[in-house]
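S.K.: A structural model of the following input is requested.
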Amino acid sequence: MVTIGTVIILLILLGVTPAAHSQGDQITVKEWQVPTPNSAPHDIVADISGIVWFTEINTNKIGRFDPKTELFSEFDIPTPSSRPHGLVSDDNGTIWFTESGASKIGKLEPETGEIEEFPTPTQGSSPHTPIIGNGVVWFTEIAASKIGSFNLTTGAIDEFSTPTQHSSPYGIIVDSEGNAWYAALTGNKIGKVDAETGEITEYSPPTDNSGTRRIAIDSKGNLWFTEYNAAKIGSFNPESEEFKEYNTTSPSSGPYAIWVDIYDNVWLSMTDAYKVGKFDQRTGTLHEYDLPTPRTIVRFIYADGDGNIWFPNNSNNKIGVIIQQPPNSQNQ
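M.R.: Now for the predicted structure:
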């Protein structure tokens with residue numbers, strides 16, 4: 001007879017940590033309807049002033065939302081059908097975004113709404129997700145299996161091919177030294193691009209064909225990533241090169257987006273289960289939450305400096321925020 005204890009031991013030997021699960025602790029969720037119908041908000045970010053920005057992939061716009069006034073503004077992208085995908089804010093509040101349908105990087109000046117566009121060297125590259133580190137906008141090129149870098153000082157764009165061919169690099173994050181880390185969806189790898197040399201090193205998670213999708217980093221420098229095909233999230237310690245994996249409740253949950261908040265909680269979306277989750281590193285517990293709008297699909301998550309979790313409700317033309325209790329106020 002196979003006992004629960006035996007199963008847990010087998011999972012640990014396989015490199016899979018069975019996380020404790022909970023239906024969730026106390027959170028508050030707010031949502032707002034985007035002005036333009038059927039805009040399909042895709043990625044989201046909060047800038048240094050607390051203003052929230054998001055891409056409208058279906059309607060060729062960048063959206064702006066002021067949480068204090070609850071007012072929206074929208075900015076048309078010059079190139080038609082550019083399909084804006086990911087975006088990031090730099091230290092000056094300037095918004096940089098990828099145009100997946102036009103193979104361009106866009107720059108939006110918040111004060112004027114002026115947009116400037118920069119073609120990537122490889123046409124048809126489908127730039128996907130951007131991140132900023134040490135004066136460089138790094139971005140994934142999912143169709144070209146390359147990582148791009150846009151130097152904010154010189155304006156030069158460089159590209160680096162991933163060692164694994166047809167790897168579909170997807171999510172990207174930057175560590176404290178400015179190195180870019182990416183998750184390769186079909187390559188089933190996570191990779192590191194050395195900021196100084198451009199050299200790429202790739203690592204394979206324990207689960208084959210896991211569908212590594214988005215990637216985040218915690219305060220200790222550990223990488224966290226979603227495994228869409230395997231219904232897991234994974235972590236990777238760059239110093240020890242050790243992987244760990246954690247199961248979600250459902251074997252078909254579809255972990256997609258991931259981000260780490262100011263308390264080192266790991267937030268993820270589960271698009272096939274229409275849920276979001278919070279993995280508490282202190283307790284090893286994964287809390288899962290239903291969202292107010294039925295059949296909500298969340299393709300990106302962003303945690304702001306106040307511990308709020310912003311998400312685009314891609315399937316219902318909304319954006320939303322999760323307000324959580326700080327850890328020291330829970331269970332009191």
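S.K.: Can you get me a residue count around the residue lying closest to residue 294 once chain neighbours are set aside?
M.R.: If the residues on either side of it in the chain are set aside, residue 294 comes closest to residue 274, at 7.3 Å by C-beta to C-beta, 6 or more residues apart in numbering. In this view, the C-beta of every residue, glycine as well, is placed from N, C-alpha and C. As a burial measure, residue 274 scores 18 neighbours (other C-beta atoms under 10 Å).
S.K.: and residue 274, what does it touch?
M.R.: 290, 291, 294, 295, 296, 297 (C-beta atoms under 8 Å, 6 or more residues apart in numbering).
S.K.: Can you tell me how far it is from residue 256?
M.R.: Distance of residue 274 to residue 256, computed by C-beta to C-beta, to the nearest Å: 11 Å.
S.K.: do the same with residue 199
M.R.: 29 Å.
S.K.: So between those two, which is more surrounded?
M.R.: Legend: neighbour count by other C-beta under 10 Å for residue 199 and residue 256, higher for residue 256 (24 against 12).
S.K.: in its sheet, what does the host helix or strand of that one sit against?
M.R.: Taking DSSP states H and E as the definition, one finds residue 256 inside strand 255-260. Paired neighbours of strand 255-260 in the sheet (DSSP bridges): strand 266-270 (antiparallel).
S.K.: ok, and what's touching the partner strand?
M.R.: Outside strand 266-270, the residues that reach it (C-beta under 8 Å, 6+ apart) are 216, 218, 224, 226, 233, 248, 250, 253-261, 275-279, 281, 288, 297-301, 303, 309, 311, 322.
S.K.: Sort out for me which of those are in strands.
M.R.: 216, 224, 226, 233, 255-260, 275-279, 288, 303, 309, 311, 322 (DSSP state E).
S.K.: Could I get the pLDDT score of the closest residue to residue 129 other than its chain neighbours?
M.R.: Nearest residue to residue 129, sequence neighbours excluded (C-beta to C-beta, 6+ apart): residue 86, at 4.0 Å. pLDDT, residue 86: 98.
S.K.: who touches the nearest residue to residue 46 once chain neighbours are set aside in this structure?
M.R.: Leaving out its chain neighbours, the residue that sits closest to residue 46 by C-beta to C-beta, 6+ apart is residue 304, at 4.2 Å. Neighbour list for residue 304: 46, 50, 310 [criterion: C-beta under 8 Å, 6+ apart].
S.K.: can you pull out the strands in the stretch 1-150 of the chain?
M.R.: All strands of the stretch 1-150 of the chain, identified by DSSP state E, counting those that start in this stretch, fall at 16-17, 20-22, 27-33, 41-46, 52-56, 61-66, 71-76, 84-89, 95-99, 104-108, 115-119, 127-133, 136-141, 146-151.
S.K.: isn't residue 307 right up against residue 259?
M.R.: No - the criterion here is C-beta atoms under 8 Å, and residue 307 misses it with residue 259 at 11.7 Å.
S.K.: So which residues make contact with stretch 187-197?
M.R.: 133-134, 136, 138, 145, 147, 149, 160, 162-164, 166-169, 177-184, 199-205, 208-212, 215, 223, 225, 236, 238.
S.K.: Could you work out the end-to-end span of that stretch for me?
M.R.: Distance between the boundary residues of stretch 187-197 (C-alpha to C-alpha, to the nearest Å) amounts to 22 Å.
S.K.: Then stretch 302-316?
M.R.: 18 Å.
S.K.: in it, what counts as buried?
M.R.: Within stretch 302-316, the residues that count as buried by 16 or more other C-beta atoms under 10 Å are 302-304, 307-316.
S.K.: farthest pair in those residues?
M.R.: 307 and 315 (25.6 Å; C-beta to C-beta).
S.K.: Contacts only, for the closest residue to residue 162 other than its chain neighbours.
M.R.: Spatial nearest neighbour of residue 162, chain neighbours left out: residue 145 (5.0 Å); criterion: C-beta to C-beta, 6+ apart. The neighbours of residue 145, taking C-beta under 8 Å, 6+ apart as the test, are 161, 162, 164, 165, 166, 167, 168, 169, 184, 187.
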